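Q: here is the input, now give the coordinates:
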Amino acid sequence: MKRTVTILMITSLFLVFNTFSSLAQTKEKEEKKKQEHLVQEKIEAEKRIALEEKIHKGELERAVRDAREAYTEAWTTARDPMILSTGSDLNNIYFIGGSQSSSTLQYTKNVKEASFSKRFGFEIEKDARRASINVSGMCKKGEIRIKIIMPSGKTYTEVLIDEYGSVNWSKTFTIDEDNGAKTGEWSFQVTASDATGSFKLLLRSY
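A: From the prediction side, this is the model:
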């Protein structure tokens, strides 16, 4: 009888131990999952913060760039009041001049399923000190190629605008580089192939 009672007590203690052990393991697993969840939330929060900072930085840089460009155009217009405009709402060429060393050419165009080739020039006078070129645009389909040619006939660069993303290319240089090879008439060849989009070409010497 005593032996039977002892066996029953041992069995009960064993079952109680197993129950507590199982509860402890379950609690440990839940705590581990909770910690993993907190770590994952922290990683996601850091990613969101980094993305927001990147977006904010991009917006700030774009705003500064747009403000600088607007200021440059306004300053040039105020200094050189002679403005000639040709074309329609979809095709505008502005020449802003007034002095031998300072002038600005702005060419903008919106196209829809269009193919064309256009060539025009821009004179950089010998007494100009610096010049800047900016090409920007985007295409939903097709492509637009803008070839920039130096007075010597050598291709300075070629900018491709296609459906793989917007383009904003710019270059500023001093006129006395290359022994004056950058003075004279620059040529700009614009070629569109079944293009739907828009582009802007801004040239300035000063």
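Q: tell me, how many residues neighbour residue 151?
A: 17 (other Cβ atoms under 10 Å). All C-beta spots, glycine's among them, are computed from the backbone N, C-alpha and C.
Q: also residue 163?
A: Number of residues near residue 163 (other Cβ under 10 Å) recorded here: 13.
Q: can you report phi and psi for it?
A: When read as degrees, to the nearest 10, the backbone of residue 163 gives phi -80, psi 0.
Q: kindly report the same for residue 183.
A: phi -90, psi 150.
Q: surely it meets residue 128?
A: Yes - look at residue 183 against residue 128 with Cβ atoms under 8 Å: they come within range, at 7.2 Å.
Q: need the residues touching each of these two.
A: Shared contacts of residue 183 and residue 128 (Cβ atoms under 8 Å, 6 or more residues apart in numbering): residue 175.
Q: so where do the strands sit in this structure?
A: Using DSSP state E, the strands found in the chain span residues 82-88, 91-97, 103-124, 130-149, 155-162, 167-174, 184-205.
Q: list the neighbouring strands of the third one plus their orientation.
A: Applying DSSP bridges, strand 103-124 is found paired with strand 91-97 (antiparallel), strand 184-205 (antiparallel).
Q: for those strands, which one sits closest to residue 147?
A: Nearest to residue 147 among the strands paired with strand 103-124 is strand 184-205; the distance by Cβ to Cβ comes to 4.2 Å.
Q: what residue ranges in the chain are flagged as low confidence?
A: Applying pLDDT under 70 to the chain flags residues 1-24, 56-101, 177-179.
Q: so it: which segments form each domain?
A: Domain assignment for the chain by automatic domain parsing gives 1-79, 82-205.
Q: residues contacting the nearest residue to residue 172 once chain neighbours are set aside?
A: In space, and not counting its chain neighbours, residue 172 is closest to residue 132: 4.2 Å by Cβ to Cβ, 6 or more residues apart in numbering. Shown in contact with residue 132 (Cβ under 8 Å, 6+ apart): 170, 171, 172, 173, 202, 203, 204.
Q: I figured the second one hits residue 135, correct?
A: The reference is to residue 171. No - using Cβ under 8 Å, residue 171 is not in contact with residue 135; the gap is 9.0 Å.
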